[in-house]
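*Asks:* Generate a structure from the sequence data that follows.
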Amino acid sequence: MEKPGTLGLLIHDYRKAPAFQDLAPQTQSDYQKIFDYLRPITDTPLRRFDRPLVVRIRDKAAASKGRRFGNYVKAVVSLLCAWGAERGYAANNPATGIRDLRRPKGAPEANRPWTDLERNVVLDAAPDHMRPAIALMMFTGLGPKDTFTLPRNFAKGGEIATRRAKTGEPVFWPMPAPLADILDKAPIHAAVTLCANSRGTPWTLSGFRASWRTLRIRLEKEGRISPALTLYGLRHTVAVILRECGCDERTIADALGQKTIEMARHYAKGADLRGKMRGVVASFDAELAKRRTKIVNPD
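*Replies:* Alright, predicted model coming up:
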């Protein structure tokens with residue numbers, strides 16, 4: 001039984017509330033990892049929480065599990081305290097105004113965008129059974145998890161319609177020409193998912209990562225790609241290309257199925273983004289064609 005007035009009771013009550021229950025399953029899972037990390041201090045009275053304590057919690061998490069994890073711990077503590085302050089658990093939110101830890105100067109950028117040349121090199125070198133999944137991430141901005149679980153019947157008529165597992169936001173993409181061509185030529189399989197491994201069964205995240213690591217290391221040793229390419233970097237790549245096409249941030253958020261408090265103010269529940277996204281992907285497809293031409297004819 002959680003003690004009254006403690007962090008543990010706040011977490012317990014928050015998890016039972018609609019604010020948590022209405023989150024997408026992936027987001028609930030991500031938050032639960034933070035709650036599990038905080039378990040050793042759940043007996044701490046909320047009256048002891050102030051800005052210096054939250055900073056120490058953030059810094060300790062960063063020291064043990066990395067800067068991004070530390071920042072995420074701070075963010076979850078902040079939303080917990082904000083929820084609790086509105087309901088009388090605490091007088092205020094002690095995490096308000098605390099900044100994220102910045103990436104050390106000179107440290108490699110996590111999930112950096114891929115260059116045009118790297119994208120083409122990887123597609124050319126990828127085995128046939130890996131190419132559809134890589135192309136799906138590369139030309140739609142879907143993350144790895146959403147890519148490997150995408151049912152084949154969610155891609156039809158030259159269009160992909162799904163929802164992000166993490167946010168529950170709709171994602172609609174008419175297929176750019178390169179993606180449509182790769183999927184048309186993909187090995188035939190009987191899996192319920194659009195992409196399948198060499199055995200014709202759905203990819204697991206760990207299985208694809210192992211195959212990707214082998215391919216990436218080989219291309220790095222051959223000097224054909226630079227180090228630090230990640231699958232999630234393809235999501236960043238799509239965002240960069242869309243921005244370079246002149247798309248505004250709201251459009252990019254719609255394209256990637258992103259959801260934040262600020263974005264939600266402009267998002268109408270049940271809105272049909274199909275007309276908007278057909279125009280967006282037409283621009284994206286045209287930009288890809290120009291980039292391919294530059295690589296083939298560098299002069």
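
*Asks:* What segments of the stretch 51-200 of the chain are strands?
*Replies:* For the stretch 51-200 of the chain, the strands defined by DSSP state E, counting those that start in this stretch cover 155-156, 159-163, 170-174.

*Asks:* Go through these and pick out the most buried.
*Replies:* Neighbour counts (mean count of other Cβ atoms under 10 Å) averaged over each of those peak at strand 170-174, with a mean of 22. From N, CA and C alone the C-beta is placed, and that goes for glycine too.

*Asks:* List the strands paired with it, with their directions.
*Replies:* Using DSSP bridges, strand 170-174 pairs in its sheet with strand 159-163 (antiparallel).

*Asks:* Without its sequence neighbours, what residue ends up closest to L46?
*Replies:* Closest residue in space to L46, ignoring its immediate chain neighbours: A90 at 4.6 Å, by Cβ to Cβ, 6 or more residues apart in numbering.

*Asks:* okay, the one you found: pLDDT?
*Replies:* If you check A90, the pLDDT there is 86.

*Asks:* cool, G257 as well?
*Replies:* pLDDT at G257 comes out at 86.

*Asks:* Just want the phi and psi numbers for the spatially most central residue of the chain.
*Replies:* The structure's the chain has its C-alpha centroid closest to G143; by Cα atoms, centre = their mean the separation is 5.4 Å. When read as degrees, to the nearest 10, the backbone of G143 gives phi -70, psi 170.

*Asks:* Just give the nearest non-adjacent residue to it, would you?
*Replies:* Nearest non-adjacent residue to G143, counting by Cβ to Cβ, 6+ apart: R235, 5.7 Å away.

*Asks:* what about the one you found, distance to K290?
*Replies:* Computed as Cβ to Cβ, to the nearest Å, the R235 to K290 distance reads 21 Å.

*Asks:* So for the two, which sits in the more crowded spot?
*Replies:* R235 (23 against 9; other Cβ atoms under 10 Å).

*Asks:* Distance from stretch 80-91 to the middle of the chain?
*Replies:* Centre-to-centre, stretch 80-91 and its host chain are 29 Å apart (Cα atoms, centre = their mean, to the nearest Å).
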